[in-house]
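J.: Sequence first, then the predicted structure:
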Amino acid sequence: MTSLSAFFEKIAQSKKNQSILFLAYVIVTGAGLFLLPDSTIAFLLLLFSILILYYLNLNLRAKWVTGIVILAVVVPFIASFSDSYQTYMEVGTLVGIYCAMALGLNIVVGFAGLLDLGFIAFFAVGAYTYAIFASDQASKFMPFGHYPLSGGAFWIFIFIAAIVAAIFGILLGVPVLRVRGDYLAIVTLGFGEIIRILLNNMDHPINITNGSMGIASIAPPNFFGISIGSSNQFYYIAFAIFLLVIYVVRKLEYSKLGRAWKAVRDNEIAAQSMGIPLVKTKLAAFAIGASFSGMMGVVFAAKQMFVDATSFTYLESTMVLVMVILGGMGSVPGVILGAAVVIILRTQVLTNISNWLSAMSSNYGISIPPALSPEKMQLLIFGILLIVFALYRTQGLIPHKNRKVDVAALKKESEQAALKREKTASGGADS
Amino acid sequence: MLAHIIQNLPQVLIDGLTLGVVYAVVAIGYTMVYGILELINFAHGDVFMTGAFMGAIVLFLLMGMGFLAALPAILVFIIVIVIAAIATGLLGVGIERVAYRPLRKKNAPKLIALITSIGISFVLEDLVRFIAELKTGNYIVTAPPMFNHKFTLNLHSALPFFNNATFQSSFLLVLIVTIIMLIALDLFVNKTKWGMAMRAVAQDRDTASLMTINVNRVISVTFFIGSALGGATGVLFMIQYGTIDPYIGFVLGIKAFTAAVLGGIGNIRGAMFGGVMLGLLEMFAASNLSIITHGAMGAEYKDVFAFIILILVLIFKPEGLFGKAVVEKV
């Protein structure tokens, strides 16, 4: 027993051993997916390597590079041998989309402490912004221009949608200046519902959103003449935006603005008295969080080629919230894990269990009523997850960690700075 | 245009009043809990929904045993509403035990309590859907018709600028029962010892506990009463509108919360007033929006209308119509 723990200790200390073991894991699971191409479990095990990578004791840059290589090269390459290649890539795309959205909500809820229950509205705004102009919908109310726009417009629309969503974020943010706490949650919920009802009904007097019929036949994006239509291509778009979002979030987290958000979250009055402009800080949180989901809305609309208001219900908003709570409020790696877990649970695990159960019932005559089908139990599962995590593990799966500060180094630095100041001051007096 | 609006006014008033008293009683559940715990009990709308289903179950059971034909309808109704109210009251106490009391002990931030209440609301919705679907194969349940005798209020002959209004006898039932509930609650809160304890806890929990008030028990009683009222209203809703599904609680809950905010949250009489007012406004909007906007907006915007009222009240008068403004203490 002791030798075993000593053995693990040894591995934990040696970077070389860790990397070898990790490589072995990737190779084994990769081979597993190669040999059992239809096994969801093999696919999930391969994805699990990213989580292991996060906990390895390696240099940060090396971890990033390995992670990107695994996700961008290894996973798509091995999955491409499988019959369910497009399904795997679709799951990957969805995980990318929802990770970016959850990171956006994490800024609002996790960093700034403003509970937003209507977050999906910004996603809807992004999706509709692209959908209207990339189909012939726009020609129904725009007096000029030729629609649908060409596929190249997709790339511009990612940024346009980010800006439009940010504007909506600020619009929502204006009531925030007066409302706080749980009232805010209700206001945002009302806002989300208003947006959904508007989208569902704006086919008269002017047909802007085509009402409950939704907007169909959205033009596929175009990358230097290559038409993008399949999930494995969207996977890379979602992945690229996801990386951009992570980069922005990591930069923001420890910036002046990021620290201001956390200060506002922890104590609004104290933050205000330290000179943090409350209005600007909160609005920035809403605008930036909204812009992430606006961008992903464009990707979603292009991928689905169809949007309607039913994709943007309150349930979807709370699902993004579940991702944030499950992963750990304020923790970037946690939120990414939370989003991945929820999406995989929703699209892969529950469907597979349902299929398995129905196979059981047809093979062995054990009848399971359709009401019990796990696919329909999403609400129950997410509800229980919310309760359990809120009650017993408020910190989430990967708790948020504040960046460690080396006190000694800081002290030294400030001493040196003080010394320098003294020197220049005394020098000035002497001469 | 104006003539048309006035013509429809009696019908709007009747429909609005029915909806309004339903909102009022559900709003009381929100306002009582908020007054004591400063917590939005998000699950309350779903407690209301559970009450409606509980009522349907009891009603079907009674029907299966043949009581529905044998007993007078009003007696059946009383049995159904009492059983549903007690069951949902206990459910409310259970929710408080499971979801809120542990958090109160830990002194967790209020945001966390809101999140657990969303979780509870999901669990309730899905459990009810599950049971309903298992029993009937469909989660939308149609209750056996009761109290559906139609009356016509012959206003047109007396006042020629009004149209005639029609209503079912269930409208009278809803109105009478809710008014009884509201008066009983008002007496309970203002005249009894438990009511006094409740008001004391709402004012200052710590001081109340020093005055030998068992705070946890008072909170349990509050949850029981609020949830029982909500569940009873669910039964009324089922009888008035006929069909119920597990998702009726969400929108109705939000609107009842709007009513509570409108009347000043924490204020029971305010919630009653807010509920009735919201119901009237909503019905007015539903029947007249398309006339006022010349067809640009129809009844489908009535929910938007309610949410905009909520947002406007929260922005400009967050203490509501009857509430006291709260100054944040450091």
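T.: Ah, there it is. Numbers count the residues shown, from 1 in each chain, chains lettered A, B, ... in the order given.
J.: Nearest the geometric middle of chain A, what residue?
T.: A:Cys99 (1.9 Å; CA atoms, centre = their mean).
J.: Can you tell me which residues in the stretch 301-431 of chain A are near chain B?
T.: A:314, A:318, A:321, A:325, A:369-372, A:376-377, A:379-380, A:382-387, A:390-391, A:394 (CB under 8 Å from any CB of the partner chain). Using the backbone N, CA and C atoms, a C-beta is placed for each residue, glycine as well.
J.: Now restrict those residues to buried residues only.
T.: Listed as buried from those are A:314, A:318, A:321, A:325, A:371, A:376-377, A:379-380, A:382-387, A:390-391, A:394; burial here means 16 or more other CB atoms under 10 Å in any protein chain shown.
J.: Which pLDDT value belongs to the residue nearest to the centre of chain A?
T.: pLDDT for A:Cys99: 92.
J.: helix or strand right after the helix or strand hosting it?
T.: Using DSSP states H and E, A:Cys99 sits in helix A:85-105. Downstream of helix A:85-105, the first helix or strand assigned by DSSP H and E is helix A:120-133.
J.: Tell me if whatever helix or strand comes next after that following helix is near chain B.
T.: Next helix or strand after helix A:120-133 toward the C-terminus (DSSP H and E): helix A:153-176. Yes. Contact of helix A:153-176 with chain B (CB under 8 Å from any CB) involves A:Pro175.
J.: which strands and helices sit next to helix A:153-176?
T.: helix A:120-133, helix A:181-201, helix A:278-304, helix B:302-316 (3 or more CB pairs under 8 Å, 6 or more residues apart in numbering or on different chains; DSSP states H and E).
J.: So for A:Arg259, which of those helices sits nearest?
T.: helix A:278-304 (10.0 Å; CB to CB).
J.: Can you give me the buried ones in the closest one?
T.: Quick answer for helix A:278-304 (16+ other CB under 10 Å): A:281-304.
J.: hmm, back to that, my guess is the residue nearest to the centre of chain A contacts A:Ala340, does it?
T.: Yes. Using CB atoms under 8 Å, A:Cys99 is in contact with A:Ala340, at 6.7 Å.
J.: Quick one: residues contacting the residue in the stretch 201-330 of chain B that chain A sits nearest to.
T.: Of all residues in the stretch 201-330 of chain B, B:Phe307 sits closest to chain A, with a separation of 3.7 Å (CB to the nearest CB). By CB atoms under 8 Å, 6 or more residues apart in numbering or on different chains, B:Phe307 lies in contact with A:190-191, A:193-194, B:254, B:258.
J.: what's the answer for A:Phe157, then?
T.: Taking CB under 8 Å, 6+ apart as the test, what A:Phe157 contacts is A:129-130, A:133-134, A:298.
J.: Can you report how many residues neighbour B:Thr50?
T.: 26 (other CB atoms under 10 Å in any protein chain shown).
J.: Determine the set of other helices and strands touching the host helix or strand of it.
T.: Here B:Thr50, judged by DSSP H and E, is contained in helix B:44-64. On a contact count with 3+ CB pairs under 8 Å, 6+ apart, helix B:44-64 meets helix B:2-37, helix B:73-95, helix B:110-136, helix B:215-241, strand B:243-244, helix B:248-262.
J.: And for the closest residue to chain B within the stretch 101-250 of chain A, the neighbour number?
T.: Residue of the stretch 101-250 of chain A nearest chain B, by CB to the nearest CB: A:Gly190 (3.7 Å). Residue neighbour count, defined by other CB under 10 Å, stands at 26 for A:Gly190.
J.: quick one, what contacts it?
T.: A:118, B:254, B:307-308, B:310-311.
J.: which two of the residues you listed lie the greatest distance from each other?
T.: Using CB to CB, the contacts of A:Gly190 span at most 13.8 Å, a distance reached by A:Gly118 and B:Ile308.
J.: Between the two, tell me which one has more neighbours.
T.: Between A:Gly118 and B:Ile308, A:Gly118 has the larger neighbour count (other CB under 10 Å), namely 24 against 15.
J.: Pretty sure that one sits against A:Ile186.
T.: No. Applying CB under 8 Å as the test, A:Gly118 and A:Ile186 come out as separate, 9.7 Å apart.
J.: residues in the stretch 201-330 of chain B within reach of chain A, list them.
T.: The stretch 201-330 of chain B comes close to chain A at residues B:250, B:254, B:257, B:261, B:295-298, B:300-301, B:303-304, B:307-308, B:310-311, B:314-315, B:318, B:328, B:330, as judged by CB under 8 Å from any CB.
J.: Kindly report the same for the stretch 1-150 of chain B.
T.: Going by CB under 8 Å from any CB, the residues of the stretch 1-150 of chain B near chain A are B:39-40, B:98-99, B:102-103, B:108, B:110-116, B:118-123, B:125-127, B:129-130, B:133-134.
J.: Tell me where the stretch 1-150 of chain B is predicted with low confidence.
T.: Low-confidence segments of the stretch 1-150 of chain B (pLDDT under 70): none present.
J.: Turn the helices and strands packed on helix A:153-176 into a markdown table, including distance to A:Phe242 and mean pLDDT.
T.: Shown next, in a markdown table, are those (distance: least, CB to CB, whole Å; pLDDT from 0 to 100):
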| stretch | distance to A:Phe242 | mean pLDDT |
| --- | --- | --- |
| helix A:120-133 | 14 | 91 |
| helix A:181-201 | 23 | 84 |
| helix A:278-304 | 8 | 90 |
| helix B:302-316 | 32 | 82 |
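J.: Take these and write them to JSON lines, including distance to A:Phe22.
T.: Output for the helices and strands packed on helix A:153-176, formatted as JSON lines (distance: least, CB to CB, whole Å):
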{"stretch": "helix A:120-133", "distance to A:Phe22": "35"}
{"stretch": "helix A:181-201", "distance to A:Phe22": "41"}
{"stretch": "helix A:278-304", "distance to A:Phe22": "30"}
{"stretch": "helix B:302-316", "distance to A:Phe22": "51"}
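J.: quick one: which of those helices is nearest A:Phe234?
T.: A:Phe234 lies closest to helix A:278-304 among those, at 4.7 Å (CB to CB).
J.: From the contact counts, what lies against that closest one?
T.: When contacts are defined as 3+ CB pairs under 8 Å, 6+ apart, helix A:278-304 sits against helix A:85-105, helix A:120-133, helix A:153-176, helix A:231-253, helix A:256-266, helix A:268-273.
J.: ok, and for the last one, which residues are buried?
T.: Okay, so that is helix A:268-273. Of the residues in helix A:268-273, those buried (16+ other CB under 10 Å) are A:268, A:271.
J.: just stretch A:219-235 next, same as before
T.: A:219-221, A:228, A:231-235.
J.: and for that stretch, what are the contacting residues?
T.: So stretch A:219-235 is contacted by A:76, A:80, A:85-87, A:89-90, A:92-93, A:96, A:134-135, A:148-152, A:154-155, A:237, A:299, A:302-303, A:305 (CB under 8 Å, 6+ apart).
J.: Span of it from start to end?
T.: One end of stretch A:219-235 sits 18 Å from the other (CA to CA, to the nearest Å).
J.: what residues does stretch B:77-96 touch?
T.: Residues from elsewhere that reach stretch B:77-96 (CB under 8 Å, 6+ apart): B:41, B:43, B:47, B:50-52, B:54-55, B:58-59, B:62, B:120, B:146-147, B:173, B:177, B:219-220, B:223-232, B:234-236, B:239.
J.: again, but for stretch A:334-342
T.: Residues contacting stretch A:334-342 (CB under 8 Å, 6+ apart): A:47, A:51, A:95, A:98-99, A:101-103, A:106, A:110, A:246, A:319-320, A:322-328, A:382, A:396-400.
J.: Need the buried ones from these selected in PyMOL.
T.: Applying 16+ other CB under 10 Å to the contacts of stretch A:334-342, the buried members can be selected in PyMOL as follows:
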select buried, chain A and resi 47+95+98+99+101+102+103+106+110+246+319+320+322+323+324+325+326+327+328+382+396+397+398+400
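J.: Chain A - how does it break down into domains?
T.: A:1-83, A:88-326 (automatic domain parsing).
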